[in-house]
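> sequence plus the predicted model coming up.
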Amino acid sequence: MTRTITLLGSTGSIGKQTLEVARELGLKVAALTANSSVDLIEAQAREFSPRLAVLYDEDAANELRQRLSDTKTRVMSGMEGLLAAATIDEADTVVTAVVGMIGLRPTLAAIEKKKRIALANKETLVCAGELVMDAADRYGAEIVPVDSEHSAIFQCVQGCRDRGEIKRLILTCSGGPFYGLRFDELAGKTRADALKHPNWSMGAKITIDSATLMNKGLEIIEAMRLYRLPLSQVDAVIHRQSIVHSLIEYRDGALLAQLGTPDMKLPIRYAMTYPYRAQSPAEPLDLLKCPPLTFAEPDDRAFRCLAIAKQCAKAGGTSCAVMNGANEVAVMAFLHDEIGFNDIPALVETALSEVKQVSNPALSDILEADRLARESVRAHIS
């Protein structure tokens, strides 16, 4: 069980909920990191007294350093700070709640220090899953997923004697705010429309990914890496109620599912306490008050990002890194009203056609593919 954490991404949605769980469980916090939110990370540092606080933005870090000068908390910035936080001696668990490729190097550094990785940064496994899982095997680091779907699969796997018994992983998907619309009907959807997720309260980037179904594509790839299964054994279904978080189908036809309220603190808490389960103050799921549970097939013709992700999952190599990098830039452009909703998959496809793919990539190949994909999208937007 976790006793002391480093929290990468403490000011985001997952980060703030992780600190709520830390309060409930009485966990110590060795390090906190964020991008540039000076006010919030200062308040967090004063409450949890970490040895290290990191703001990636150097100017913001300088301001935080002045504000925390009356404390014992050291302040750092940039990638150097993230790596220091990920490898700090006091922490036995590193919660990777940062969004995007920026989480890759700190995650690998924490793995080398044999930390438990409470993984909420899906891009790490999407872009470099083989490298990350091989490193975890080599150093004996434990990876426990925090995403609700992957936590559900992780919990269902506890009933599995060996992975050969698994026929299929089935990830559930709410369908986002635009479920049932055709591709042409999505064209005029705005930032405000796309941020109205029906069930979950999340950060802006992941909420847009949920609206395009790119998030489910990323999760399919992540599941393939976590459980070393081919695409043919990982599937997704639309489940509007977000009560069944995911399922495993075994070779004898049995299905195991994990059910619960749409509350991210449940998988966060389990990642902290695994293999034990701590008492939760939250209201449990009441089956007698549940709405009817429905399931449907995703429409990857209307939501092209899901089809693109599956294509990249088949292709392997650096294609997933190109897809992810292009999507990150395109989503940010959409959030700044620079492009339309349907431009997101179009820009990702363009980057995939322009950036040369590398099979069996090293870390340097993955980082370069990410850089070139971002450049491609920025060039087309400008």
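All right, it came through fine.

> ok, residue 246 touching residue 168?
No - taking CB atoms under 8 Å as the definition, residue 246 is not a contact partner of residue 168, at 11.1 Å. Every residue, glycine included, has its C-beta placed from N, CA and C.

> who has more neighbours out of these two?
A direct count of neighbours by other CB atoms under 10 Å for residue 246 and residue 168 places residue 246 higher, at 27 against 15.

> so what pLDDT did the more buried one get?
Looking at residue 246, its pLDDT is 98.

> can you count the residues close to residue 382?
If you count neighbours by other CB under 10 Å, residue 382 ends up with 7.

> ignore the last one, residue 347
24.

> just the C-alphas of the one helix or strand it maps to, formatted as CSV.
Taking DSSP states H and E as the criterion, residue 347 maps to helix 343-354. The C-alpha trace of helix 343-354 is given here as CSV (Å, rounded to 0.1, in the frame of the first residue of the first chain):
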residue,chain,number,x,y,z
ASP,A,343,-10.7,19.7,-38.5
ILE,A,344,-9.2,17.7,-35.5
PRO,A,345,-9.3,14.3,-37.3
ALA,A,346,-8.4,15.9,-40.6
LEU,A,347,-5.2,17.4,-39.2
VAL,A,348,-4.3,14.2,-37.5
GLU,A,349,-4.6,12.3,-40.7
THR,A,350,-2.5,14.9,-42.5
ALA,A,351,0.3,14.6,-40.0
LEU,A,352,0.2,10.8,-40.3
SER,A,353,0.6,11.2,-44.1
GLU,A,354,3.5,13.7,-43.8
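
> state the mean pLDDT of it.
Across helix 343-354, pLDDT averages out at 98.

> correct me, but residue 120 touches residue 149?
No - contact status for residue 120 versus residue 149: not in contact, 11.7 Å apart, counting by CB under 8 Å.

> out of those two, which sits in the busier spot?
Between residue 120 and residue 149, residue 120 has the larger neighbour count (other CB under 10 Å), namely 30 against 27.

> okay, the more buried one: pLDDT?
Reported pLDDT for residue 120: 94.

> from residue 186, how far off is the nearest residue to it once chain neighbours are set aside?
Using CB to CB, 6 or more residues apart in numbering and skipping residues adjacent in sequence, the residue nearest residue 120 is residue 146, 3.9 Å away. For residue 146, the distance to residue 186 equals 29 Å [CB to CB, to the nearest Å].

> one more: residue 278?
For residue 278, the distance to residue 186 equals 42 Å [CB to CB].

> which of these two has more neighbours?
Taking neighbours as other CB under 10 Å, residue 278 and residue 186 compare with residue 186 leading, 21 against 12.

> name the element residue 94 belongs to?
strand 93-96.

> so after that strand, what's the next helix or strand?
By DSSP H and E, the next helix or strand past strand 93-96 is helix 104-112.

> packing partners of that following helix?
helix 78-86, strand 93-96, strand 116-119, helix 122-139, helix 363-381 (3 or more CB pairs under 8 Å, 6 or more residues apart in numbering; DSSP states H and E).

> mind listing the strands for the protein?
Counting by DSSP state E, the chain has strands at residues 4-8, 28-34, 52-55, 74-77, 93-96, 116-119, 143-145, 166-173, 234-238, 244-250, 255-259.
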